[in-house]
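> Show me how the following folds:
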Amino acid sequence: MTPGPSHSVPELAISVVLFHSNLDQFDHLLRSLTEALSNTGLSAVPMICVDNSRDPAYALRGRAICERWRDVAGLSIEWISASVNGGYGAGHNVALSQVMSRYHLLLNPDVALDERAMMEALRLLSSDPQIALLAPIGVGSSGEPEYLAKAYPSVWVLALRAFAPRWLHRLNVKSLARYEMRHHSEARRTRAIPLASGCCMWIPRTALDQVGGFDESYFLYFEDYDLSMKLAQLGDIIESQDVRIVHHGGDAARKGLRHIGWFIAGAIRFFRRWGWRWFG
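Prediction:
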């Protein structure tokens, strides 16, 4: 997974995995990255975009968007069209094999960074070597809280979030709030969290290499939880109020039967590895 030695290792590298992802949102991500990078003083930031779509027309449109942002604010973008769709984690592992850096930022194409997010994230990581994963605060497209940080899940609460009707949600507000870690004092700028969302993770590259990157036996869903659990054995998993993003994704049940199948398979694999919890 680790590329060959280099005489000049960048402070930061970035990877994004796409699969017929919304290219307008991807364009917005690149715009937000250049704005956020302009506040850091970094001059060279490699970014690997791994396209799992295996669709030449889609890749052509994606490459054209990358060209518009190439070398803006030091962002050096490479588009890789995967010959096989190995899943989300496998796509990021491909990117990790292509670049080396002090810190690595894992992103979804449906994320947009606040203009101060990069500066604050790098400041926190450089000031605390115990951080093994740094996660942001997220809001949705309409400004509603996303609750990206999670407590360790139960089968019950995952079923509620993914498949239950709204009336059943209302009967289980406390269980959902505990899982989504909704109660956080604004006075505390950071807090320790058990699990982070893979839509946006800042991680020291040495920690990523030590755990072997993503487990590719997860195709989609729960590979980020699995990575969080492994990284927690090396250091602290931290969420920062000063690192903010907009996230347009989520809701596996509305994406069709394939996503439901991947969600269930990922959950089973996660619980088998880290321990079953049925209720709570």
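> All the strands of the stretch 51-200 of the chain, residue numbers only.
75-81, 103-107, 111-113, 131-139, 190-192, 200-204 (DSSP state E, counting those that start in this stretch).
> can you put the ones you listed in a markdown table and add mean pLDDT?
Shown next, in a markdown table, are the strands of the stretch 51-200 of the chain (pLDDT from 0 to 100):
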| stretch | mean pLDDT |
| --- | --- |
| strand 75-81 | 97 |
| strand 103-107 | 98 |
| strand 111-113 | 98 |
| strand 131-139 | 97 |
| strand 190-192 | 96 |
| strand 200-204 | 98 |
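> Distance to Pro145 for these - can I get that in TSV?
Quick note: C-beta positions are derived from backbone N, CA and C, even for glycine. TSV is the format used below for the strands of the stretch 51-200 of the chain (distance: least, CB to CB, whole Å):
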stretch	distance to Pro145
strand 75-81	29
strand 103-107	20
strand 111-113	15
strand 131-139	6
strand 190-192	15
strand 200-204	15
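> JSON lines please, covering those and showing mean neighbour count and distance to Leu158.
Output for the strands of the stretch 51-200 of the chain, formatted as JSON lines (neighbours: other CB atoms under 10 Å; distance: least, CB to CB, whole Å):
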{"stretch": "strand 75-81", "mean neighbour count": "18", "distance to Leu158": "32"}
{"stretch": "strand 103-107", "mean neighbour count": "24", "distance to Leu158": "22"}
{"stretch": "strand 111-113", "mean neighbour count": "24", "distance to Leu158": "22"}
{"stretch": "strand 131-139", "mean neighbour count": "24", "distance to Leu158": "19"}
{"stretch": "strand 190-192", "mean neighbour count": "14", "distance to Leu158": "22"}
{"stretch": "strand 200-204", "mean neighbour count": "24", "distance to Leu158": "20"}
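> which one of those strands lies closest to Asn52?
strand 75-81 (8.7 Å; CB to CB).
> Given that closest one, what are its sheet partners and their directions?
strand 45-51 (parallel) (DSSP bridges).
> Below-threshold pLDDT in the chain: ranges please.
For the chain, the stretches with pLDDT under 70 are 1-7, 185, 250-255.
> ranges for the helices of it?
23-37, 56-69, 88-96, 117-127, 155-163, 166-171, 173-179, 205-211, 223-231, 257-274 (DSSP state H).
> Name the residues of the first one that are buried.
To tie it back to what came earlier, the one meant is helix 23-37. Judged by neighbour count using 16 or more other CB atoms under 10 Å, the buried positions of helix 23-37 are 25-37.
> could those residues go into CSV alongside distance to Gly275?
Converted to CSV, those look like this (distance: CB to CB, whole Å):
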residue, distance to Gly275
Gln25, 35
Phe26, 36
Asp27, 41
His28, 38
Leu29, 35
Leu30, 39
Arg31, 42
Ser32, 37
Leu33, 37
Thr34, 42
Glu35, 42
Ala36, 37
Leu37, 40
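> from those, which is closest to Ala187?
Ala36 (25.3 Å).
> hang on, the earlier thing: among the strands of the stretch 51-200 of the chain, which is nearest Gly89?
Of these, nearest to Gly89 by CB to CB is strand 103-107, at 9.6 Å.
> coming back round to it: go through the strands of the stretch 51-200 of the chain and name the closest to Val17.
When these are ranked by proximity to Val17 (CB to CB), strand 103-107 comes first, at 8.5 Å.
> Identify each buried residue in stretch 260-277, please.
Buried residues in stretch 260-277 (16+ other CB under 10 Å): Ile260, Trp262, Phe263, Ile264, Ala265, Gly266, Ala267, Arg269, Phe270, Phe271.
> can you redo those as JSON lines with distance to Asp128?
What follows is these, written out as JSON lines (distance: CB to CB, whole Å):
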{"residue": "Ile260", "distance to Asp128": "39"}
{"residue": "Trp262", "distance to Asp128": "35"}
{"residue": "Phe263", "distance to Asp128": "33"}
{"residue": "Ile264", "distance to Asp128": "37"}
{"residue": "Ala265", "distance to Asp128": "36"}
{"residue": "Gly266", "distance to Asp128": "30"}
{"residue": "Ala267", "distance to Asp128": "32"}
{"residue": "Arg269", "distance to Asp128": "31"}
{"residue": "Phe270", "distance to Asp128": "28"}
{"residue": "Phe271", "distance to Asp128": "31"}
